[in-house]
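S.K.: everything below, folded, please.
(2 chains)
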Amino acid sequence: MGENKIRVLIAKPGLDGHDRGAKVVAQALRDAGMEVIYTGLRRTPDQIVSAAVQEDVQVIGLSSLSGAHNHLFKKVAELLQEKGHEDILLIGGGIIPEKDRKQLEDVGFDRIFSPGTSTEDIVSYIKEKVNG
Amino acid sequence: MKDKDRQEKIQENLKKWREGPFAKFQQRGWNEAFTSYREPVKEIYTPLDYSDDEYLEKAGFPGQYPFVRGVYPTMYRGRPWTMRQYAGFASAEESNRRYRYLLEQGQTGLSVAFDLPTQIGLDSDHPLADGEVGKVGVPIDSLADMEILFDQIPLDKVSTSMTINSPAAVLLAMYIALAEKQGVSADKLKGTIQNDILKEYFARGTYIFPPGPSLRLITDIFAYCSRELPNWNTISISGYHIREAGANAVQELAFTLADGIAYVKAALQAGLKVDEFAPRLSFFFNAQMNLLEEVAKFRAARRLWAKIMEEKFGAENPKSKMLRFHTQTAGASLTAQQAQNNIVRVTIQALAAVLGGTQSLHTNSYDEAWALPSEESVRIALRTQQIIASESGSTSTVDPLGGSYYVESLTDDIEKRVEEYLEKIEEMGGMVKAIEKGYVQREIQKSAYEMQKRVERQEDIVVGVNKYAQEEPSPTDLLEVDPQMEKEQIKKLKNTRAKRDEKEAQKALEQLKKTAQEDENLMPAIIDAVKAYATLGEICDVLRSIYGEYQAPTF
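M.R.: Reported below is the predicted structural model:
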């Protein structure tokens, strides 16, 4: 009933060029009625956080398959906290070992999705978290 | 006349079979089946789908036009394919150790994985390299790193493949300079640089310069190598990443061959003669799970390229018409769940490559949906190739699936569909235009999304993921790159800059800048610069200052 669309930023931090997953997730969220902005490749944590603030998104989804997630994901989480945007739902995915996943969830990530997750699970997770 | 009678008889009997025993059994259960490009697969293939009437024109013999049955007359009975595991991580020292380990284990060629800063022409101390140094490959900032990477590896004895695209000229220059230091002349060097920029724009992402200057760098390499490095594969035109990005088998071939056509055109435009450079063009494909379709894909690729080179570009040298290719098993097919199942997946994919007549092969390791492979997992991957080569019997005769009604019919079908794509791309003004318009990106994206949806609807089964799933402990023993490595690499880089003859380095960079503004071949100036220990980042910065950087549109 006149509910506003959930706004999501899908971002590729760092130099990683694997964007199949990011694009598939972006498309799935769009099909589920969300407003999705995809940053394209090679974004710095700074650029990602600025874009998120500027676009007034409720969700940021990061994707990395290059092994740089510990460093780059953490920076995004730190910047968000610094700027007082902990309210933004922060999620991620990619080639991320279990051990790192837990660490990232400790530094501010709401959820790191593992390979093989269905897009439906991501959609319902976001809807539940944002709409409550 | 007799043939016609025979055909009619087969037709008649097939109809009877279909309406009789087949229909009866079909009621008990019948599953739909499709190719990767979503064409229905028939219940059975017969001489109606493939007849050998045109055998000599369409297939012929291995080592002969149109090379469907293989590029060499003896194929694996002469010698097996080159077993070449793609490797590189952390530092030049660590990677050197891994290479020597692989050579000791019976690997027959090297394949260098560079880290992302190197692939994008950034030194390890560049702000954008932050957190990426040594992660997906080895960091190479200058000739000094290259010296460590190939320590105790004689360059006249191994063949080396380097996965490097935008800055391929710089890494090749380093390899040539290193060989000179080892006392090996350039004409003895054997190997490959990927050097395939077009797919970077739409499937892999490590571009630096816009298409125009990128193509100049590529054709400069073609020209230089045709004179100085006659045994070097100057490019590896790659469908691998296109498939990984979500393309189906037809799209993989179509976009790869369209890239190939664009490179040939660029070289002709630069004044080269087709038979001067075309024999050193090589290809790189993906081996996915659909065994028989993949075999047909490789066979179709050979016939298509042979025809393109002969009919479109008037090549005369048979080597110009041979599609020689490397294969890697499909990374995107590996599952994080029940990871050991990946060993089986890789075996099937590797078998497809071998039955398809590959010249070299990389088999993925089972733990790669989690991290870079460990020493144990990479050994199993190599052993998989060795088992196929020594125990399976699949190497005993050339092109063993040739003549199979199904495989031949698929070969024809894939060929036809690829030709339709190629015509469409030609109408758009060629591959560069098709990429700029976003056509290629959209085609792949659509295909990737549909594939994901089919998995989610359980129309496509992935064992351990959407069927036969089970609870399991998370894997241990994964390879980890020590974050400390980045700091050490930066220290090494600063040390190299401090130790070199600064004047000489700057002079070489100046000279490179001048050459880049003119029409002259860039290779000699780049070789001089690397010899003066100018860094990869410095050399690429000079080129950036003249050529600018590619800005990718998002689709």
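
S.K.: show me the contacts for A:I10.
M.R.: A:A22, A:V25, A:A26, A:L29, A:V36, A:I37, A:Y38, A:T39, A:G61, A:S63 (Cβ atoms under 8 Å, 6 or more residues apart in numbering or on different chains). Quick note: C-beta positions are derived from backbone N, CA and C, even for glycine.

S.K.: and which of those is nearest to A:G94?
M.R.: Nearest to A:G94 out of those is A:S63 (Cβ to Cβ; 5.2 Å).

S.K.: filter the contacts of A:I10 down to the ones in helices?
M.R.: When DSSP state H is applied, those are split such that A:A22, A:V25, A:A26, A:L29 fall in helices.

S.K.: can you redo those as TSV with neighbour count?
M.R.: Converted to TSV, these look like this (neighbours: other Cβ atoms under 10 Å in any protein chain shown):
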residue	neighbour count
A:A22	24
A:V25	25
A:A26	25
A:L29	23
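
S.K.: run a quick neighbour tally on B:L304.
M.R.: 23 (other Cβ atoms under 10 Å in any protein chain shown).

S.K.: sorry, that was for B:E420
M.R.: 11.

S.K.: mind listing what the residue in the stretch 151-300 of chain B that chain A sits nearest to touches?
M.R.: Proximity of the stretch 151-300 of chain B to chain A (Cβ to the nearest Cβ) peaks at B:G205, 2.0 Å away. Each residue near B:G205 by Cβ under 8 Å, 6+ apart is listed here: A:D16, A:G17, A:H18, A:D19, A:L41, A:R42.

S.K.: so for it, what's the pLDDT?
M.R.: Note for B:G205: predicted pLDDT of 96.

S.K.: phi, psi for it please.
M.R.: Backbone geometry at B:G205, expressed as degrees, to the nearest 10, gives phi 90, psi 0.

S.K.: just to revisit the earlier point, so which of the contacts of A:I10 comes closest to chain B?
M.R.: A:Y38 (5.8 Å).

S.K.: look at the closest one and say how many residues are nearby.
M.R.: A:Y38: 22 neighbours (other Cβ under 10 Å).

S.K.: hey, what's it bridged with?
M.R.: A:I10 (DSSP bridges).

S.K.: so which of the contacts of B:G205 would count as near chain B as well?
M.R.: A:D16, A:G17, A:H18, A:D19, A:L41, A:R42 (Cβ under 8 Å from any Cβ of the partner chain).

S.K.: what's near enough to touch the first one?
M.R.: When contacts are counted by Cβ under 8 Å, 6+ apart, A:D16 is found next to A:L41, A:S63, A:S64, A:L65, A:S66, A:A68, B:L116, B:G205.

S.K.: residue contacts, the spatially closest residue to it that is not a sequence neighbour?
M.R.: In space, and not counting its chain neighbours, A:D16 is closest to A:S66: 3.7 Å by Cβ to Cβ, 6 or more residues apart in numbering or on different chains. Going by Cβ under 8 Å, 6+ apart, A:S66 touches A:G14, A:L15, A:D16, A:H18, A:I95, B:L116, B:E132, B:K135, B:V136.

S.K.: kindly recompute the last result at 6 Å.
M.R.: Contacts for A:S66 (Cβ atoms under 6 Å, 6 or more residues apart in numbering or on different chains) come out as A:D16, B:L116, B:K135, B:V136.

S.K.: neighbours around B:I414, how many?
M.R.: By other Cβ under 10 Å, 28 other residues sit near B:I414.

S.K.: can you tell me how far it sits from B:P66?
M.R.: B:I414 is 14 Å from B:P66, where distance means Cβ to Cβ, to the nearest Å.

S.K.: residue closest to the middle of the chain?
M.R.: By default, I'm working from chain A. A:G61 (1.0 Å; Cα atoms, centre = their mean).

S.K.: wrong one, chain B
M.R.: For chain B, the residue nearest the mean C-alpha position is B:F284 (2.8 Å; Cα atoms, centre = their mean).

S.K.: can I assume that one sits in a strand?
M.R.: Yes - secondary structure assignment places B:F284 in a strand (DSSP: H, G, I helix; E, B strand; the rest coil).

S.K.: from B:A352, how far off is it?
M.R.: 15 Å.

S.K.: any stretches of the chain with poor pLDDT?
M.R.: Just going to use chain A. Residue ranges of chain A with pLDDT under 70: A:1-3.

S.K.: not quite, go with chain B.
M.R.: For chain B, the ranges with pLDDT under 70 are B:1-2, B:555.

S.K.: in what helix or strand does residue 15 lie?
M.R.: The chain I'm using is chain A. Using DSSP states H and E, A:L15 sits in no helix or strand.

S.K.: not what I meant, chain B
M.R.: With DSSP H and E as criterion, B:K15 is part of helix B:2-17.
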